[in-house]
Every structure is written in C-alpha cells, then in structure tokens.
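Peer 1: What would the 3D arrangement of this be:
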Amino acid sequence: MPQIRPLISDLASALRLHSALLLRLQTAPTLHIVALFAHLTSLLSIFPSAWLAFHRSPGNLPAVTAALTDIAHRYIVACLGWPSPRLPPLLPTSQPMRPPPPIVLTAATLSVRSATAIQLLPSFLAQRSARLAFASCALTSPPCSPPSPAAISAATGAMELSMTSLWRVKWDNRYKDTFWRFTVNGLRAAGGHDISFPCSCGWHPPALSSGPAKALAMRAHCFWECPVAQAVLLEVHRALPPHVTVSKSHLWLLQPPVGRGLHPEVWAVVAMAAIHAVTRGRGPMWSASLGSSASTPPLSPAELVRVGSRAAQACWFWCLLQDFVNLQSVPLSWASIGRHHPFLNVILTPIPPGAVDNAPKYTLRLTLPVSLTLPITLDD
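Peer 2: As a prediction, this is how the structure comes out:
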C-alpha cells in the first residue's frame, strides 16, 4: 500500500509498525487497520521466524538496520540492468505470438551484441511484420481462402531459416541484398517504401486501395504477374520436368516443390537468382519507356514487354547461376546432389596420382537446357 511505504525504510520500522497495528487490533479494530495488518503480515512472511524474533529485540535494531541496508543495496544493484528483448518465435501454432519474457542483463553480463539487439529491437519487429505480410502474399492464391495465421507464421519461420543458410553461401552480397529487400518490400520501382505507380507493361495499381496496399500490389505484380517475371519463371520451368509446377510460394519463400528431388539450398540459390533476374529484366523495359523523344515515338506496352522479356529471358537468370558456378565454392551439404540435379550439379573431381591431399574435391557445374549457351563471366 503506497501510504505505508515511506514508513518501512528497514525491517526494524516494519516490525515496529506491525507491533503497533497488532495493539490497535486488540484495542480499537477497524477495517482499515485490519487491511494494513494483513498486508504487512504478508510482507514479513518471507523472513524466517527466528530472524523476526531476534530482530524484535530493541538492542539489536541498529545492527539489524545496517545489515539490512547493505543486503538491500547489494540485492538492488544485482537486479539493475536492461531487459533483453527477444522476438516472438515463429511456430506453427494457432495461439497469438507473444514475445518470451525478457532476461535482465546486468552490467557484468551485458555484451556489445546484446546491447545492439536492444537498440535494434524496433527495427527487428518492423522486419518481422513486413516478412509476415510477405509470406501472406506469397501463400495467397485467389480464389482460394486466405492462409491461416499459423500457416503464415510457419512459412515465415521456414523462409528465415533458409535465408540464414543462404547468407552463408559464398556469393556476391548484392544478389542476396536484392532478395533481402524483396522480403520487406524495399525494392525501388517495385512498390518499395510504399511508392507505387503504373508499370510499363500497362498494369495500374488498384484505384480504391491505400498507399501501402498499392505498393504491395505492385510488388506482387512486378515479381509474379508482370510479363518480365513470367519470362524468368519460364526459364525456371525449362530446367524442371514438364509436370512440375512452380507456385509463387515456392519461389518467394525459398521452398522447393515437394517430392521433386530438389536440394533446398540449391533451390534457394535458384530463387534468389530468379528474383534478381527480374529486377535486371525490368531495367531495359523502364529505360525504353523513358527514352522516347520528339524524334523517337514512345513504344507501346507490348513493345516494352518484348524488350524486358527478351533481356530477362535471354541470359540474366542463367548468367547469374553461371557466375555462381564460376566461384566453385561447393558447400559440403551439396556433395550428394549428383550430376543430374536440375539447375546445378556436382561431380567428384578425380584425385591425381601422387597428390598429397587425398580429401575428396567436388566440381560445381551448371545444368543448362538444351540449345542454350552462355558466356563464361558475368558483367553486371
């Protein structure tokens, strides 16, 4: 109770107050006195009875007060710190996601990493919210019903695990940066930063939607519905058996089609290359739409689509994969994919006679469709 807190500066004051309340209960009990006595009794119940008997002696009060002050000081200092924030776990559950209880970091346990996490928590929460919206869009396939929160949470968690493995793959970070921005709607000229406008192919954002909704609709169009994106998707289908269908969730969420024998990490590289190829393929289309002058009539949407689709379809998707192959950085987990895996395959390099290092070495190769030839290097 706030009205008695100033009186209880140490255990001695609490004991004196407790004895006075007990006397008042015996002489003139009131409802207020009963409530105060019950509250103070509950506070004192945490101390052993032997302590209370010893501390009630008037001669011991100065020493008791000093000892309790020292104990309280050390206890309070030990409890001072910063709550360590943790993001809510992404699990396939129907329960609402709540952040786990924070862990108090004291001056002795606070590290640079934990302090940075405390400072960046608002950014992490905004990133998580954007990725959940991204997964919801990837899983939405009209006219089917919208995905459940549990399905969105599970898909986002699986995507983030794939992104963690993908970040460890040795490749140019600019290609990874494109996909990372893609998941939080941060790509320019594709709805990034809630900026939307008509596409050169003739698409227009929904008229009655808000600014953020229009931006999300533009992202969905640019990376799935636009003819440039469909041209890149056609290249992905060219490397797969005819009966395999690649959905938006497969490409956006880095999850390979089930039961097709695709290595998850290889598919993640393929999906990342496809998203970057779309951005490259849209570049020529935008340049052609802005390059008209008085002497050069503007191109029609159909002509602009042919420019973008041709640029995307001709080489960028496969050139990106060729660029990855040129690095010859084969993760150990890829050793089992074999020589017939779609997109990328691995063969065991023969060990020359007399070699000092007898450890197995693998060569990464590009599995090109028939009648397609690419340059050896990629100039971005």
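
Peer 1: Could you check the pLDDT of residue 112?
Peer 2: At residue 112, the model reports a pLDDT of 84.

Peer 1: same check, this time on residue 339
Peer 2: 84.

Peer 1: cool, and residue 206?
Peer 2: Residue 206 is given a pLDDT of 84.

Peer 1: neighbours around it, how many?
Peer 2: 11 (other Cβ atoms under 10 Å). All C-beta atoms are positioned from the backbone trio N, CA, C, and that covers glycine.

Peer 1: Same check on residue 200?
Peer 2: 23.

Peer 1: May I ask you to confirm that it belongs to a strand?
Peer 2: No. Going by DSSP: H, G, I helix; E, B strand; the rest coil, the assignment for residue 200 is coil, not a strand.

Peer 1: My read is that it contacts residue 286, right?
Peer 2: Yes. With contact defined as Cβ atoms under 8 Å, residue 200 reaches residue 286; the gap is 5.9 Å.

Peer 1: Name the spans of the stretch 251-380 of the chain whose pLDDT lies under the cut-off.
Peer 2: Counting by pLDDT under 70, the stretch 251-380 of the chain has low-confidence residues at 259, 287-314, 354-358, 371, 374-380.

Peer 1: Okay, strands next: where are they in it?
Peer 2: All strands of the stretch 251-380 of the chain, identified by DSSP state E, counting those that start in this stretch, fall at 343-349, 361-367.

Peer 1: Next: the stretch 1-150 of the chain.
Peer 2: 82-84, 103-105.

Peer 1: average pLDDT across the first one?
Peer 2: What strand 82-84 shows for mean pLDDT is 71.

Peer 1: likewise the last one?
Peer 2: Per-region confidence: strand 103-105 scores 71 on mean pLDDT.

Peer 1: and what of stretch 165-173?
Peer 2: So the average pLDDT for stretch 165-173 ends up being 91.

Peer 1: can you redo the strands of the stretch 251-380 of the chain as JSON lines with distance to residue 264 and mean neighbour count?
Peer 2: Below are these laid out as JSON lines (distance: least, Cβ to Cβ, whole Å; neighbours: other Cβ atoms under 10 Å):
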{"stretch": "strand 343-349", "distance to residue 264": "13", "mean neighbour count": "17"}
{"stretch": "strand 361-367", "distance to residue 264": "16", "mean neighbour count": "16"}
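
Peer 1: Residue 131 is nearest to which of the ones you listed?
Peer 2: When the strands of the stretch 251-380 of the chain are compared for distance to residue 131 using Cβ to Cβ, the nearest one is strand 343-349, at 25.2 Å.

Peer 1: Tell me which residues are up against that closest one.
Peer 2: 239, 266-267, 269-270, 321, 324-325, 330, 334-335, 337-339, 360-367 (Cβ atoms under 8 Å, 6 or more residues apart in numbering).

Peer 1: count of residues packed around residue 282?
Peer 2: Neighbours of residue 282 (other Cβ under 10 Å): 24.

Peer 1: just residue 18 next, same as before
Peer 2: Counted with other Cβ under 10 Å, residue 18 comes out at 19.

Peer 1: where does the nearest residue to residue 192 once chain neighbours are set aside land in three-state SS?
Peer 2: Nearest residue to residue 192, sequence neighbours excluded (Cβ to Cβ, 6 or more residues apart in numbering): residue 186, at 4.9 Å. Here residue 186 is coil, with the state taken from three-state DSSP.

Peer 1: Check whether residue 186 really touches residue 179, as I assumed.
Peer 2: No. If you go by Cβ under 8 Å, residue 186 and residue 179 don't touch, sitting 10.7 Å apart.

Peer 1: quick one, which of those two is more surrounded?
Peer 2: residue 179 (21 against 17).
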